[in-house]
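Chemist: Predicted structure and sequence below. I'll ask about it afterward.
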Amino acid sequence: MKRMKKIEETFFVLLMVASFAALAVGLFSITVTVFMKGLPSLSWQVLTQTPRGGYVMGKEGGILNAILGSIIIGLAATVLSLLYSLPIVFYINIYRFSKSKFSRSVRFFLDLLWGIPSIVYGAFGFAIMILFKLPASMLAGIITLSFLVLPIMARTMDETLRMIPFEMKQAAYSLGATRFEISTKIILKQALPGLLTATLLAFGRGIGDAASVLMTASYTDSLPSSPFAPVATLPLAVFFQLSTPFKEIQERGYAAAFVLTIMMLLVSLAARWMSKGLSKYVVR
Amino acid sequence: MDEGFSGKLKKRRLLNRGARIVSRFMSLTVFSVFALIFIMLFWEAFPLFLKKSLSDILLSTAWMPHSSDYGLYRFIIGSLYTTALALVIAVPLSVLTAIFLSEYLPRKIAMYTKMVFDVLSGVSPVVYGFWGILVIVPLVRGHIQPFCAKHLPWSFFTSTNMSGFSVLSGSIVLALMASPLIVSISEEVLRAVPFEMRQASMALGATRWEMIKKVLIKKAAPGIIAAVILSLSRTIGETMAVLMVAGCHIQETPFSIFDPGYPLPALIANTFGETMSIPLYKSAIFLAAFVLLILTALSNLVGWSILVRIEEEKAS
Amino acid sequence: MGAKSPLEIKNLNLFYGKEQVLKNINLTIPDKGITVILGPSGCGKSTLLKCFNRIIELEENVRVEGELLVDGEDILHPKTDLIELRKKMGLLLQKPQVLPMSIYDNVAFGAKLHNKMKKKEVDKLVEGELKKVNLWDEVRDRLNAPAYRLSIGQQQRLCLARGLAVEPEIILGDEPTSALDPVSGEHIEKQFLQLKENYTIVLVTHILRQARRLADYVSFIYLGELIEAAPAAEFFSNPKDERTKKYLSGILAG
C-alpha cells in the first residue's frame, strides 16, 4: 500500500517537473528566438532610418518611425493616465475610507475596466472617431491607450496606498495636517516606490499593445510628425512586416520585435530596481 | 506668528477643498466609462439588429458582406475553441507548476523563479505571435500534424489545412500567454493555506503528495478556479497573437485542431478597415466587439467575485 | 486647582458600531502637570485619549456622543476647526511612528505646515526641539539621515520633538514607553517630568508603577467607565471604590 503511494507521488512529481520544464522551455524559447532572429537583423541603418524604397513598406531603411512612435504614444498615454490616476486613488484612500462603499465601488469599476480587452478599447476609440468623423491620428491612439492603461495603473497604485500603515496617518493628522497635505507631503513619499513601479509597468503594457492603436492611430512609414496624423508603433511594425513575403522586410520585423522586447524588459527591470533606489526615506 | 498662521490656514483649507472637489469628480467619472463603452458599441451594432434577430446573428454561419448577410457563429466558435483548447493545455501545466513551486521548491528559489517568469512573460503579445509564426507553426506543420496523420487518423486530428496556421497553433501560443497568470495566482493561493493544516495531515501519516491531493488542493480550489476564469477572460480578448498564427480564414467552422480558426478579436482587427463602404458590415464588426465586451466582463466578474469572497473568508 | 481646566469631558459615550466602548465619562483634566489615565488593557483608555484630538474619527464605524471642552469650547461640534485643535495637542503613540523623511524634516514638518518660516528659523527650531528631548547631541551630524534608521527609543524622542515643535498646549501620550527598552523608557519619562511645568500632559498607561512614578493626578478607567479620579497621593493611599482597591492590589487584571 505504501509502495503504491510512493509510486503515485513520484509519478506526479515527475509530471510537475515536466510541466515546469515545459513552461520554462516555452518562455526561454521566446526569448531565444527574439535574440537569435533579431540580433542579426539589427544595424545602425535599421535603428535610425524609416522604411523607404519602392513598395509600400520599402525594402530599405529601418524602423525608426515605429521606435519613435511607440515611445511618444507610450509616454504620452502614461502621463495622461498618471495625471488621472493619482487624484482618484488619493480620493478613495485618503479623502474617503478605503473600505467605504464609494471606494469599493470605484475599485470594482476599475477592476471591470481592467478586464476589457484592448481590441474592445480600440473598437470604442474607433466608434468615437466615426461619430465625430475624425481621421486616424496619434492623438486618437494616445487617448485610447490611456483608457486601456488607466485601470491598470490606478488599481496598482491603489494597492500600494492601502499598504501604508494606519499609524502613520494618525501621526500626521495629529500634527494638524489637511488631507491634501498628508497626501502630498507624506503618503506620496512613503508610497513613491510603489507608485513608480505602477507607472513603469503601465508604460510597459502600453508600448506592447497593438490592438488599441491599430484602429485609432493606424500606421505610417514616416516619422511621427503631427498629433493629427497616423503614427507607426513597434508592435504593428512587427505585425505588418512579418506579413509581407519579402525577406528584407521580414528581417526588419525581427529587428522590431527585438527592439520592442528589449524596451519592455528594460522597463520591467527598471520598475524593480528604481523603486529600491527611491526608498531612502521610506519607513519599513 | 499668529497672523501668518491664520492667513496660511485659509490658503491651506482652500487648497484642500479644491483638491477634494476635483478628485471627487474624477473618481465619479470612473463609473461612467464602462457605460460609455457599452453604449457606443451597442449604438454602432444596433442597425444589424433591425435586419436580423439576435439568435440569427449569433448562430448563422453566413458571412457575405455583399448581400449584407452576417452571422458570427464561425467566429464565436473560433474564439471558444481556441480559448478552450488553450486552457486545456495551460491549466494542468500551470497548476502542477504552481504546486511544484510552492510545495517542493525552497522559498527563495521559488521567488526568483516567479520573478523570472513574470519578467519573461511580460513581453508584448505581438512577440508571442512572432514566436508562434517562427517556432510553433512549423512545429505543427512539420511534426505534429504528420504525426497525428500517421498515428491518430481521426477526423478530430486531420484537416485539409496543411499550413500549420491552425487552432492548435493559436491555442499553444495562448496557453503560454495564459500560464504565468494562473501560476502566479495559484501559487499565492497555495502558499496562503496555513502551515498548521499541512502539519496536521502529515502528522497523521500522510505523504506529502497525499496531503497536497487531499487537503491543499481542496483548500486552494476556489482561488485556482478564479485564476482560470480570469485567465479565460484575458485569453478570449487576445488579438494579435492569434491573428498571426491561427490562420484567420472564414472558409469553414473549425472542427479539427488543425483547421484554421478565426476568433472574434482577429475578425475585428482584420476587417475594420474594409467595413466603411459596405452597409451593415460595420455593425457586424461592432457587434463582435460588443459580444467580446459582454463575454469578458462577465467572466471577469465571476473570477473577481470568487477572489473577493476568498479574501473576505481570510479576513474573518 | 485654581487655573481653568484645559480639557473637560462631559457625558461622553462612544460606540464602535453597536458596541459601547466608553460609558458616560465625566472628567476634568487639570491645567499643567501629568494626569495619568490608568486601567487594565483594552478598557477604552486609548480610545478616550484619541477623542481629545479627534483622531478616533479616522477609524470606521465610530460614534461619539457628549461634550468635550477644550479651553471651554466643545470640540465635538461639527464646526470645530480640526487643524487648530490638533495643533493644540501633541500625540505620542505607543509605537513610534516617524514620517518618511529625514530627521530634520520630521521635526520641522508640523511647524512648517502651520507657519511660514525662513530656513534659519527652521534650523533654530529643529535644534531647539531636539535639545529639549536630549536628542541633539546624538543626531546633530546626521540630520539628513532617514528617520527610521534611529533606534526605537530615539524615534520616540524624535516624535516627541516633532510634536513639541508645533507648540501645543496639551501633550497626549498613549502608552508611550511600552514599546521601548527600559533605558529609553526612562528617558521619555524624565522628559515628561521636565515638560509638566509648562504643559498639560495626559498619559495613558496600564503599568501601575509608571503611574506611581509620573502622576500628579490619576483617573481610573475600567470597562469603559470612569471609576475614580483624584490627585495622585490621595488616589494611591486612599482609594475609595472597591474596584480601584482591587486593581491597586493587583487582583484585577493589570
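Modeler: Received the coordinates, thanks. Residues are numbered from 1 along each chain as shown, chains lettered A, B, ... in the order given.
Chemist: ok, and the closest non-adjacent residue to A:Leu82?
Modeler: In this structure, A:Leu82 finds its nearest non-sequential neighbour in A:Thr199, 5.8 Å apart by C-beta to C-beta, 6 or more residues apart in numbering or on different chains. All C-beta atoms are positioned from the backbone trio N, CA, C, and that covers glycine.
Chemist: Which of the helices or strands spans that neighbour?
Modeler: Assessed by DSSP states H and E, A:Thr199 sits inside helix A:188-208.
Chemist: So which elements touch the helix or strand following that helix?
Modeler: Counting by DSSP H and E, the next helix or strand C-terminal to helix A:188-208 is helix A:211-214. Packing contacts for helix A:211-214, counted by 3 or more C-beta pairs under 8 Å, 6 or more residues apart in numbering or on different chains; DSSP states H and E, involve helix A:118-131, helix A:138-162, helix A:234-242, helix B:264-271.
Chemist: Let's have these in JSON lines, adding mean pLDDT and mean neighbour count.
Modeler: Compiled in JSON lines, the helices and strands packed on helix A:211-214 are given as follows (pLDDT from 0 to 100; neighbours: other C-beta atoms under 10 Å in any protein chain shown):
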{"stretch": "helix A:118-131", "mean pLDDT": "94", "mean neighbour count": "24"}
{"stretch": "helix A:138-162", "mean pLDDT": "95", "mean neighbour count": "23"}
{"stretch": "helix A:234-242", "mean pLDDT": "92", "mean neighbour count": "26"}
{"stretch": "helix B:264-271", "mean pLDDT": "92", "mean neighbour count": "25"}
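Chemist: so which of those comes closest to chain C?
Modeler: helix A:138-162 (13.2 Å; C-beta to the nearest C-beta).
Chemist: show me where chain C has strands.
Modeler: Assigned by DSSP state E, chain C shows strands spanning C:7-16, C:19-29, C:33-38, C:62-70, C:73-74, C:89-92, C:170-174, C:200-205, C:217-222, C:225-231.
Chemist: who wins for proximity to chain A among those strands?
Modeler: strand C:89-92 (3.9 Å).
Chemist: Do stretch A:147-166 and chain B come into contact?
Modeler: Yes. Under the criterion of C-beta under 8 Å from any C-beta of the partner chain, chain B is reached by stretch A:147-166 at A:Phe147.
Chemist: Only the buried residues of stretch B:104-114, if you could.
Modeler: Applying a neighbour-count criterion of 16 or more other C-beta atoms under 10 Å in any protein chain shown, one finds B:105, B:110, B:113-114 buried in stretch B:104-114.
Chemist: tell me which parts of the stretch 51-200 of chain A are close to chain C?
Modeler: For the stretch 51-200 of chain A, the contact set with chain C under C-beta under 8 Å from any C-beta comprises A:97, A:99-100, A:165-178, A:181, A:185-186, A:189-190.
Chemist: Drop anything exposed from these.
Modeler: By neighbour count, with 16+ other C-beta under 10 Å, these hold A:97, A:168-178, A:181, A:185-186, A:189-190 as buried.
Chemist: Sitting in helices, which of the buried residues of stretch B:104-114 do you find?
Modeler: B:110, B:113-114 (DSSP state H).
Chemist: Would you format the strands of chain C as a markdown table with mean neighbour count included?
Modeler: Converted to a markdown table, those look like this (neighbours: other C-beta atoms under 10 Å in any protein chain shown):
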| stretch | mean neighbour count |
| --- | --- |
| strand C:7-16 | 17 |
| strand C:19-29 | 17 |
| strand C:33-38 | 26 |
| strand C:62-70 | 17 |
| strand C:73-74 | 14 |
| strand C:89-92 | 27 |
| strand C:170-174 | 24 |
| strand C:200-205 | 24 |
| strand C:217-222 | 23 |
| strand C:225-231 | 18 |
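Chemist: Export these as JSON lines, with columns for mean pLDDT.
Modeler: Listed next are the strands of chain C as JSON lines, based on pLDDT from 0 to 100:
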{"stretch": "strand C:7-16", "mean pLDDT": "90"}
{"stretch": "strand C:19-29", "mean pLDDT": "90"}
{"stretch": "strand C:33-38", "mean pLDDT": "92"}
{"stretch": "strand C:62-70", "mean pLDDT": "90"}
{"stretch": "strand C:73-74", "mean pLDDT": "87"}
{"stretch": "strand C:89-92", "mean pLDDT": "91"}
{"stretch": "strand C:170-174", "mean pLDDT": "93"}
{"stretch": "strand C:200-205", "mean pLDDT": "93"}
{"stretch": "strand C:217-222", "mean pLDDT": "90"}
{"stretch": "strand C:225-231", "mean pLDDT": "89"}
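Chemist: Put together CSV for those, with distance to B:Arg198 on each row.
Modeler: Formatted as CSV, the strands of chain C follow (distance: least, C-beta to C-beta, whole Å):
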stretch, distance to B:Arg198
strand C:7-16, 36
strand C:19-29, 36
strand C:33-38, 45
strand C:62-70, 39
strand C:73-74, 56
strand C:89-92, 43
strand C:170-174, 39
strand C:200-205, 42
strand C:217-222, 43
strand C:225-231, 46
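Chemist: Now do the same contact list for A:Ala66.
Modeler: Residues in contact with A:Ala66 (C-beta atoms under 8 Å, 6 or more residues apart in numbering or on different chains) are A:232-234, A:236-237, A:256.
Chemist: what separates stretch C:196-215 from the chain centre, distance-wise?
Modeler: 9 Å (C-alpha atoms, centre = their mean, to the nearest Å).
Chemist: Show me which positions of stretch A:182-196 end up buried.
Modeler: For stretch A:182-196, by 16+ other C-beta under 10 Å, it's A:182-187, A:189-196.
Chemist: out of these, which touch chain B?
Modeler: Near chain B, judged by C-beta under 8 Å from any C-beta, the entries from these are A:Ser183.
Chemist: sorry, back to before: which helices and strands sit right next to the helix holding A:Thr199?
Modeler: Against helix A:188-208 (3+ C-beta pairs under 8 Å, 6+ apart) you get helix A:64-90, helix A:138-162, helix A:234-242, helix A:247-277, helix B:125-131.
Chemist: Nearest approach to C:Phe236 belongs to which of the ones you listed?
Modeler: helix A:138-162 (45.5 Å; C-beta to C-beta).
Chemist: That closest one packs against which elements?
Modeler: helix A:64-90, helix A:101-114, helix A:118-131, helix A:188-208, helix A:211-214.
Chemist: What's the separation between the residue of chain A found nearest chain B and chain C?
Modeler: Residue of chain A nearest chain B, by C-beta to the nearest C-beta: A:Pro117 (2.3 Å). Distance of A:Pro117 to chain C, given as C-beta to the nearest C-beta, to the nearest Å: 36 Å.
Chemist: Mean pLDDT per helix and strand in the chain: which one sits at the bottom?
Modeler: This is for chain A. Sorting the helices and strands of chain A by mean pLDDT, DSSP states H and E puts helix A:44-48 at the bottom, at a mean of 74.
Chemist: try again with chain B
Modeler: strand B:63-64 (a mean of 70).
Chemist: OK, now which residue of chain B is nearest to chain A?
Modeler: Counting by C-beta to the nearest C-beta, chain B gets nearest chain A through B:Gly237, at 2.3 Å.
Chemist: need the contact list for A:Arg252.
Modeler: With contact taken as C-beta under 8 Å, 6+ apart, A:Arg252 is in contact with A:41, A:46, A:51, A:62-63, A:237, A:241.
Chemist: Let's have the residues you listed in JSON lines, adding distance to A:Met1.
Modeler: Output for these, formatted as JSON lines (distance: C-beta to C-beta, whole Å):
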{"residue": "A:Ser41", "distance to A:Met1": "60"}
{"residue": "A:Val46", "distance to A:Met1": "65"}
{"residue": "A:Pro51", "distance to A:Met1": "70"}
{"residue": "A:Gly62", "distance to A:Met1": "68"}
{"residue": "A:Ile63", "distance to A:Met1": "64"}
{"residue": "A:Ala237", "distance to A:Met1": "62"}
{"residue": "A:Gln241", "distance to A:Met1": "62"}
